[in-house]
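sharing a model that was predicted from the sequence below.
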Amino acid sequence: MKWTTPADLKAQVQKLWDRGLLLASLAGGESLFPRRLALKGPDSRELSERFAEVRDWIAQLSTAAGPYRIEWRSVNHRVLGANDIPSAVWIDTMADARRLIGKLRVAEQFAALVALTGERQPELVPWLAKRPLRALELAADWPRLLAIVAWVVAHPSPAVYLRQIDLPGVHTKLIEGHRGVLAELLDLVLPAQAIDAAHTGVGGFCRRYGFLDKPSRVRFRVLDPEIRLLPVAADQDVTLTQAAFASLELPLSKVFITENEINFLAFPDVPGAMVIFGAGYGFDNLAASSWLHRTAISYWGDIDTHGFAILNQLRGVFPHAVSFLMDQPTFLAHRSLWGVEPQPETGVLVRLTAEERVLYDQLRRNHWGDRVRLEQERIGFEFVLDHLQNR
């Protein structure tokens with residue numbers, strides 16, 4: 001059986017560091033010291049049979065001792081007589097622990113962060129205790145992050161763009177790059193009425209804390225030559241804000257949504273129709289357009305697991321949406337153009353039709369081969385035209 005070495009003792013303390021426990025105690029977390037370390041030593045038989053090795057083991061522990069304290073016990077052996085062997089190893093102080101693993105300067109840096117935070121935003125000291133290693137990663141930016149927090153506290157729900165925060169050394173990219181951690185900090189210091197809990201995540205940062213956000217946009221083409229949105233003869237490739245798109249009043253009966261830009265640009269004329277350039281997952285930019293509930297919606301995505309997952313999500317907003325060229329005959333007709341899906345979706349999709357679910361299950365279970373897929377841009381243009389004429 002292996003006996004505990006100085007390297008093993010150091011590894012035990014290193015684990016405390018890696019878990020953030022050593023630093024947390026500097027920010028008011030649980031006090032860890034004095035702390036007894038795990039020690040495995042020789043038993044009575046090994047003491048007798050391997051005495052020379054035991055003596056070397058004791059010498060190794062004793063020579064390396066310094067940041068830790070050894071407790072000894074006397075063992076009376078019938079052959080060897082009385083001998084003192086280590087029975088316990090203790091780390092008495094935080095400083096000893098940091099010295100053992102070479103973290104004195106780093107811990108001093110963290111202590112400085114705690115002191116600065118206690119002076120400027122004492123409500124955030126518990127966050128440092130909870131996430132000390134993350135705080136160290138942010139050390140260079142921490143004073144500016146505290147300044148941003150203080151600014152938002154002084155200007156709750158400011159109704160300005162992030163660009164308009166005027167603080168020395170603070171720029172928009174700094175804020176955008178740290179939205180995740182700033183959200184954690186702001187949630188701790190702002191009153192509930194200054195937080196819009198309906199918005200979460202990095203994408204919802206601005207709306208959560210009352211900043212102005214870049215307006216969502218919708219890019220579309222009107223496919224009916226008789227319907228002119230603009231008084232020009234050029235192709236009507238138009239991008240509008242979400243609000244402007246929602247206010248449209250056009251004599252449309254059909255809307256196609258496609259994820260591929262070339263398919264969007266090449267989509268043929270269709271009477272009373274428009275095509276929207278999709279954006280993968282997420283349809284918030286379309287959700288406010290109540291008039292879309294009164295039009296037929298056809299979604300054209302890749303024939304792969306993510307294509308069906310996006311279709312499933314779209315139906316959460318527009319339950320009447322149908323799929324376009326996402327069926328088994330289309331898939332099998334383009335067998336020679338199949339590719340490989342890097343990271344397939346595997347979850348259960350509850351909004352698919354029975355036919356769509358069969359194909360989705362075949363794809364996620366590799367019925368046709370390992371992670372096969374058909375990207376929408378590989379479908380021949382004549383095939384698309386034929387399908388439109390037969391709808």
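That came through, no problem. Residues are numbered from 1 along each chain as shown.

pretty sure residue 111 sits against residue 26.
Yes. Assessed by CB atoms under 8 Å, residue 111 is found in contact with residue 26 at 5.2 Å. Where you see a C-beta, it was placed from the backbone N, CA and C, and this is true even at glycine.

so the two - more neighbours on which side?
In this view residue 111 and residue 26 are compared by other CB atoms under 10 Å, and residue 26 has more residues nearby, 19 against 13.

contacting residues around that one?
Residues counted as contacts of residue 26 (CB atoms under 8 Å, 6 or more residues apart in numbering) are 94, 107, 110-111, 114, 132.

quick check: it vs residue 377, distance?
Residue 26 is 56 Å from residue 377, where distance means CB to CB, to the nearest Å.

and for residue 157?
Relative to residue 377, residue 157 is positioned 44 Å away (CB to CB).

one more: residue 111?
Using CB to CB, residue 111 is found at 57 Å from residue 377.

how far does stretch 88-108 sit from the chain's center?
Centroid displacement of stretch 88-108 relative to its chain, using CA atoms, centre = their mean, to the nearest Å, is 33 Å.

now do the helices in the stretch 251-391 of the chain.
261-266, 284-287, 305-317, 328-333, 354-364, 381-389 (DSSP state H, counting those that start in this stretch).

just the buried positions in the first one, please.
The one in question is helix 261-266. Judged by neighbour count using 16 or more other CB atoms under 10 Å, the buried positions of helix 261-266 are 263-264.

who does that helix touch, helix- and strand-wise?
The contact analysis (3 or more CB pairs under 8 Å, 6 or more residues apart in numbering; DSSP states H and E) places helix 261-266 against strand 217-222, strand 273-277.

got the CA coordinates for it in PDB?
These are the backbone C-alpha positions of helix 261-266, laid out as PDB (Å, rounded to 0.1, in the frame of the first residue of the first chain):
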ATOM      1  CA  GLU A 261     -29.300  33.200 -48.000                       C
ATOM      2  CA  ILE A 262     -28.800  32.000 -51.600                       C
ATOM      3  CA  ASN A 263     -32.200  30.200 -51.500                       C
ATOM      4  CA  PHE A 264     -33.600  33.400 -50.100                       C
ATOM      5  CA  LEU A 265     -32.200  35.400 -52.900                       C
ATOM      6  CA  ALA A 266     -33.100  32.900 -55.700                       C
END
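
before we move on, back to that, just the helices and strands packed on helix 261-266: most buried one?
Highest mean neighbour count of the helices and strands packed on helix 261-266: strand 273-277, a mean of 22 (counted as mean count of other CB atoms under 10 Å).

partners of that strand, with directions?
Strand pairing for strand 273-277, determined by DSSP bridges: strand 217-222 (antiparallel), strand 254-258 (parallel).

chain center to that strand, what's the gap?
Going by CA atoms, centre = their mean, the spacing between the C-alpha centre of strand 273-277 and its chain's C-alpha centre is 32 Å.

kind regards, and thank you for your time.
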